[in-house]
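Asks: Take a look and give me a structure for this.
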Amino acid sequence: MTGTGALPEGGPATPPLRVGNASGFYGDRFDAVREMLTGGPLDVLTGDYLAELTMLILGRSRLKDPGRGYATTFLRQLEEGLGLAHEHGVKIVTNAGGLNPAGLADAVRALAEKVGVPVRVAHVEGDSLPVPDGFLTANAYLGGAGIAACLRAGADVVVTGRVTDAALVTGPAAAHFGWGPDDHDALAGAVVAGHVLECGTQATGGNYSFFRGHDIRRPGFPVAEIHADGTSVITKHDGTGGVVDLGTVTAQLLYETGGARYAGPDVTARLDTVRLAADGPDRVRISGVRGEAPPPTLKAGLTRLGGWRNEVVFVLTGLDVDAKARLVRDQIADAFARTGREPDEVRWELVRTDRADAPTEETASALLRLVVRDQDPDAVGRALSGAAIELALGSYPGFHVTAPPGKGAPYGVFEARYVPAGDVKHVAVLPDGRREAQEPPARTLALSDVEQPELPEPLAAGPTRTAPLGLVAGARSGDKGGDANIGVWADGEEAWRWLAHELTVERLRELLPETAGLPVVRHVLPNLRALNFTVHGLLGEGVAAQHRFDPQAKAVGEWLRSRRLEIPVALLSPQESTHAPEVHA
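Replies: Here you go, the predicted structure:
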């Protein structure tokens, strides 16, 4: 079975639009394009290649070659994928254009001529903003209107720069169903479907708290069947690995979101209205999504080089680990003092991976990690590598490092700003070269917090056991600039009644001491039986700055699930209850 090929305007009999995703980041599984194009029916195949860090990487690429600045992997995937898409009647929509969508569109045309596949290529531009002094890139997050215009003009391949991840779905859906800018509920439904698809296999069992219940060695990529009213069904191609269920979809809905209002350039989707229901094996229906007019501003992402960083990891084996760590710290401090120049930032972290009476040397060893940052590359280069290596024969017993420190590397900083939507020139460059300006939405609505919903009735008091939170709750976490997002959801109504009252901001700070001094906001989403926490400033200047051990906060949710607290015995399975510590009245 193949795709429909055309994207007619919607009506009562318009079939659902099947949109698949083949990339969640720049570097995702290379053969996913072929897998998605040959594995089952599709109308549109999307690819998300951009992230905050990616824009910095592409900016540095463009410095070396002004003709680049786009995701070259996408072109290599198209060497085979272009013919397959043409054969199956599938449109391709991707943000792989990065900082140079026109350049990538030209490269796709050249490839099409080379492989002999007749395709009509269009692109979207206007996201590029004037770059302030000291910055490398500046790009606004565009919506799906330009994509829709390109598809309505007959494009087979649409290349964009920095659009929102969900725009890769709202654009095709608007073109297919004939939605206008005021069809807020339908657009919001497509935004939610797009958010589920955007991270690829995270919707099909990847990075999933309850992974042990499924075979996720090679999860398939997700597909959304979108209907004319904006409802959708999340699924995957038959025979592919992984799983689509209420948990995997809930986890992805909570990923890198905040409160009930999920704002974008097309519409503000109300996440507190989302309803999920099982719709058969590997099928989850999303319905009830309400939309509001988008805000009058667009988010813009700016990147710059923040300075230079270096690190070295010392291995401390056997006895006296704390004393060995103190010795090497004192020696490095003395070495910096002798040079007369200590780096601007010096961070030490002792990771106690060692075990007493260990059966192998590796399990007898702890890791002492030193990270330095400075505006001067020399302060983190030879100054560190020399200080560390010169200790090789004159420091703690068993001295060695995991790898010799190098010259240091530049690190980046991501900064979010907001610009009036009317100041951004959103343009669709159609397959015949005509340029069609996209007007910003006439109706806008400034963002405001929603009133917090009522909490469910508390669970009746009863015996408890000290056990990990993860026995009764799932979590997924991620980054937004310097902030971390932690979404936590309960699997059933009883667990939700307990979780909603137990996991307060204060409790979160107790369980995750690293958050204690930071602003934390809790959002309640009863329809999803979920809490979403935003921890402001946990990631410093963002992922590109490599501020902490887990710079994208990917595992903060799993850290939270591992923390032990008093859990009602009624929520624990008999096996979990048996292995938990003693009962408390």
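Asks: D449 and G259 touch, don't they?
Replies: Yes - counting by CB atoms under 8 Å, D449 touches G259, with 6.5 Å between them. Quick note: C-beta positions are derived from backbone N, CA and C, even for glycine.
Asks: Looking at these two, which one has more neighbours?
Replies: G259 (20 against 10; other CB atoms under 10 Å).
Asks: Do I have it right that that one meets S448?
Replies: No - using CB under 8 Å, G259 makes no contact with S448, being 10.0 Å away.
Asks: show me what contacts the closest residue to G386 other than its chain neighbours?
Replies: Here the nearest residue to G386 in space, its sequence neighbours aside, is A335; by CB to CB, 6 or more residues apart in numbering that works out to 7.6 Å. Residues in contact with A335 (CB atoms under 8 Å, 6 or more residues apart in numbering) are G386, A387, E390.
Asks: And the pLDDT at A335?
Replies: For A335, the model assigns a pLDDT of 94.
Asks: Over to G5?
Replies: pLDDT for G5: 46.
Asks: same deal with V328?
Replies: For V328, the pLDDT comes out at 98.
Asks: buried set for the helix or strand that contains it?
Replies: Using DSSP states H and E, V328 falls within helix 321-339. For helix 321-339, a neighbour-count test (16 or more other CB atoms under 10 Å) marks V321, K324, A325, L327, V328, R329, Q331, I332, A335, F336 as buried.
Asks: Who are the contact partners of the fourth one?
Replies: Contacts for L327 (CB under 8 Å, 6+ apart) come out as S395, Y396.
Asks: so how far is S395 from it?
Replies: Distance, L327 to S395, by CB to CB, to the nearest Å: 6 Å.
Asks: Check the fifth one too.
Replies: Separation of V328 from S395 (CB to CB) stands at 6 Å.
Asks: Could you do the third one as well?
Replies: For A325, the distance to S395 equals 11 Å [CB to CB].
Asks: and the longest strand seen in the chain, what does it pack onto?
Replies: Ranked by residue count and defined by DSSP state E, the top strand of the chain is strand 297-317. Judged by 3 or more CB pairs under 8 Å, 6 or more residues apart in numbering; DSSP states H and E, strand 297-317 is in contact with helix 52-64, strand 137-140, helix 321-339, strand 365-374, helix 377-380, helix 382-389, strand 400-401, strand 409-420.
Asks: where does the stretch 51-200 of the chain have low pLDDT?
Replies: For the stretch 51-200 of the chain, no stretch is flagged by pLDDT under 70.
Asks: got the contact list for A145?
Replies: Neighbouring residues of A145 by CB under 8 Å, 6+ apart: G171, A174, P181, D266, H426, A428, Q438.
Asks: how close does it get to G291?
Replies: 15 Å.
Asks: And the strands in the stretch 51-200 of the chain?
Replies: Ranges of strands within the stretch 51-200 of the chain are 91-94, 121-125, 137-140, 157-159, based on DSSP state E, counting those that start in this stretch.
Asks: Most tightly packed of those strands?
Replies: Most buried of the strands of the stretch 51-200 of the chain, by mean neighbour count (mean count of other CB atoms under 10 Å): strand 157-159, with a mean of 31.
Asks: Any regions of the chain where pLDDT drops low?
Replies: Low-confidence segments of the chain, defined by pLDDT under 70: 1-13, 542-547, 575-585.
Asks: residues touching the closest residue to S287 other than its chain neighbours, list them.
Replies: Residue nearest to S287 in three dimensions, not counting chain neighbours: T231, with 4.5 Å by CB to CB, 6+ apart. By CB under 8 Å, 6+ apart, the contact set of T231 is G189, R285, I286, S287, V289.
Asks: which of those residues are buried?
Replies: The buried subset of the contacts of T231 - by 16+ other CB under 10 Å - is G189, R285, I286, S287, V289.
Asks: isn't the last one right next to T268, touching?
Replies: Read it as V289. No - in this structure V289 lies outside contact range of T268 using CB under 8 Å: 11.1 Å.
Asks: Quickly list what's touching both of the two.
Replies: By CB under 8 Å, 6+ apart, the residues touching both V289 and T268 are A188.
Asks: what's the burial count for D357?
Replies: 6.
Asks: Could you pull out the helices in the stretch 51-200 of the chain for me?
Replies: Ranges of helices within the stretch 51-200 of the chain are 52-64, 72-88, 101-115, 145-152, 167-177, 184-197, based on DSSP state H, counting those that start in this stretch.
Asks: Report all helices and strands that the first one contacts.
Replies: I take that to be helix 52-64. Using 3+ CB pairs under 8 Å, 6+ apart, helix 52-64 sits against strand 137-140, strand 297-317, strand 409-420.
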